[in-house]
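In: quick one, fold the following:
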Amino acid sequence: MYKNLAAALAAACFFSPVFSQTKAPAEPVKAGFVYVSPITEAGWTRQHDEGRKAVEAALGAGVKTTFVENVPEGPDAERVIRDLAATGHKIIFTSSFGYMEPTLKVAQDFPDVKFESITGYKQAANVATANARYYEGRYLAGIAAGRMSKTGVAGYVAGFPIPEVLQGINAFTLGMRSVNPRATVKVVWLNVWFDPPKERDGAMALFNQDADVVAFHTGSTAVMAAAQERGKLAVAYHSDMRRVGPDAQIVAVTHQWGDYYTARVRAVQNGTWKSGKVWGGVKEGMIRVGDFGSKVPQAVQQEVLARQKDIAAGKLHPFQAAQAAVRDNEGHEVIAKGQTLSDAQILGMNWLVEGVQGKLTR
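Out: Modelled structure (predicted):
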């Protein structure tokens, strides 16, 4: 269904081919990975560590990986990144938005080391950025939630009101309202990415406000566990979480890093690494929706997978106003009828779509 991401990257204008016939180096490339939370059984960091393992599987003796987990954003991140650079790591993946500035700072002092700022947006000669179009998966999950919700009220446990999170909330709401125009989404802001007790409390508060299905943009499985405990439904994020919520999970929005990480380490091996930016989605295989729960009817599963194929084929865009203008929840037109948001507009998103309850502090 999906094109191989490594091949897609090789064809992109900002990368040289990654599958060079150059002889492998005698010494393995040391690749470092910095994680913002512990490696748990599922979640944000788990997906990136699966990507690291995919690099090892693909490159074998040609690579040696190192990871440091549970590194707070800020001074600690700079210290860890600097230590990796100073100990012979030739490429370092920093997998959190708050690592962007520390990564750039360290990169200035180590011009021969390559850095990959995951979810960052600032590049340098030796700093590339990469992210996934999570919003595509969110829209598809919204369709599933709209079909499964009995109250028409969904909850969303969110970390910080940055554009990436707003994209997800808005796409989820638009997907939900595409099958239930009267659906509403209530948001709880935590101002933290990984805090299982807070995540659980946020979910419980939403269940107490008539939400019978929840989505989340946080780093643990706590929201899924809360849904299982309360007999409610939830959309898994980052990883398949059916082991935690066997009855609660309706679908999972996962992001896949193995092909990208492998391509970039191979590029260091071959001397073809160049800075650039990647924003891949369903088409490139970086975002995938599936892992349906046992309660989801086949008709709903087939509908979601059909829309996923439409996104991959370019026939469907979550932020396209096909039939009518899209307005924010303050009544302002944000997408004119017949128009589709550009990448720049999506990346700068600072509004909540109609159907979302709550306001942003600007």
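
In: would you map the helices across this structure?
Out: 5-11, 44-59, 75-86, 100-109, 134-148, 163-179, 196-207, 222-230, 258-270, 298-312, 343-347 (DSSP state H).

In: can you give me the end-to-end span of stretch 57-73?
Out: Terminal residues of stretch 57-73 are spaced 29 Å apart (CA to CA, to the nearest Å).

In: what sits up against it?
Out: By CB atoms under 8 Å, 6 or more residues apart in numbering, the residues outside stretch 57-73 that reach it are 24-25, 28-39, 45, 49, 52, 55-56, 77, 80, 84, 89, 96-99, 102, 258, 262, 265-266, 269. Placement of C-beta: from N, CA and C, glycine included.

In: let's see it at 7 Å
Out: Stretch 57-73 is contacted from outside by 24, 28-39, 45, 49, 52, 55-56, 77, 80, 84, 89, 96, 98-99, 262, 265-266, 269, using CB atoms under 7 Å, 6 or more residues apart in numbering.

In: repeat that for stretch 315-332.
Out: Stretch 315-332 has contacts (CB under 7 Å, 6+ apart) with 135-136, 139, 171, 174-175, 307, 310, 333-341, 346, 351-356.

In: state the mean pLDDT of it.
Out: Across stretch 315-332, pLDDT averages out at 95.

In: now the terminal residues of that stretch, how far apart.
Out: Stretch 315-332 stretches 26 Å from its first residue to its last (CA to CA).

In: buried ones in that stretch?
Out: 316-319, 321, 326-329 (16 or more other CB atoms under 10 Å).

In: looking at the residues you listed, which one is closest to residue 194?
Out: Comparing the buried residues of stretch 315-332 against residue 194 with CB to CB places residue 318 closest, at 26.2 Å.

In: what's the burial count for the nearest residue to the closest one once chain neighbours are set aside?
Out: Spatial nearest neighbour of residue 318, chain neighbours left out: residue 139 (3.7 Å); criterion: CB to CB, 6 or more residues apart in numbering. Residue 139: 31 surrounding residues under other CB atoms under 10 Å.

In: select only the buried ones of the contacts of stretch 57-73 in PyMOL?
Out: Applying 16+ other CB under 10 Å to the contacts of stretch 57-73, the buried members can be selected in PyMOL as follows:
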select buried, resi 28+29+30+31+32+33+34+35+36+37+45+49+52+55+56+77+80+84+89+96+98+99+262+265+266+269
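
In: for residue 239, find the nearest of the helices of the chain.
Out: With CB to CB as the measure, helix 44-59 is the member of the helices of the chain nearest residue 239 (5.3 Å).

In: how far off helix 258-270 does that closest one point, in degrees?
Out: Here the directions of helix 44-59 and helix 258-270 differ by 50 degrees (axes from the mean of the first three to the mean of the last three CA atoms, to 10 degrees).

In: now helix 44-59: how far from the chain's centre is it?
Out: The chain centre lies 15 Å from the centre of helix 44-59; the measure is CA atoms, centre = their mean, to the nearest Å.

In: just stretch 162-171 next, same as before
Out: Worked out by CA atoms, centre = their mean, stretch 162-171 lies 11 Å from the chain centre.

In: next: stretch 268-286.
Out: Here stretch 268-286 is found 15 Å from its chain centre; the criterion is CA atoms, centre = their mean.

In: now it: buried residues?
Out: 268-270, 272-273, 275, 278, 280-286.

In: dump those residues to a markdown table, plus distance to residue 214 and pLDDT.
Out: What follows is the buried residues of stretch 268-286, written out as a markdown table (distance: CB to CB, whole Å; pLDDT from 0 to 100):
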| residue | distance to residue 214 | pLDDT |
| --- | --- | --- |
| 268 | 41 | 97 |
| 269 | 43 | 95 |
| 270 | 45 | 94 |
| 272 | 44 | 97 |
| 273 | 40 | 97 |
| 275 | 38 | 97 |
| 278 | 30 | 95 |
| 280 | 27 | 94 |
| 281 | 23 | 95 |
| 282 | 23 | 96 |
| 283 | 28 | 94 |
| 284 | 28 | 91 |
| 285 | 27 | 91 |
| 286 | 24 | 94 |
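
In: can I get the residues you listed in CSV with distance to residue 192?
Out: Converted to CSV, those look like this (distance: CB to CB, whole Å):
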residue, distance to residue 192
268, 34
269, 38
270, 40
272, 39
273, 34
275, 31
278, 27
280, 27
281, 26
282, 29
283, 32
284, 30
285, 30
286, 25
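
In: among those residues, which are located in strands?
Out: Members of the buried residues of stretch 268-286 lying in strands (criterion: DSSP state E): 278, 280.
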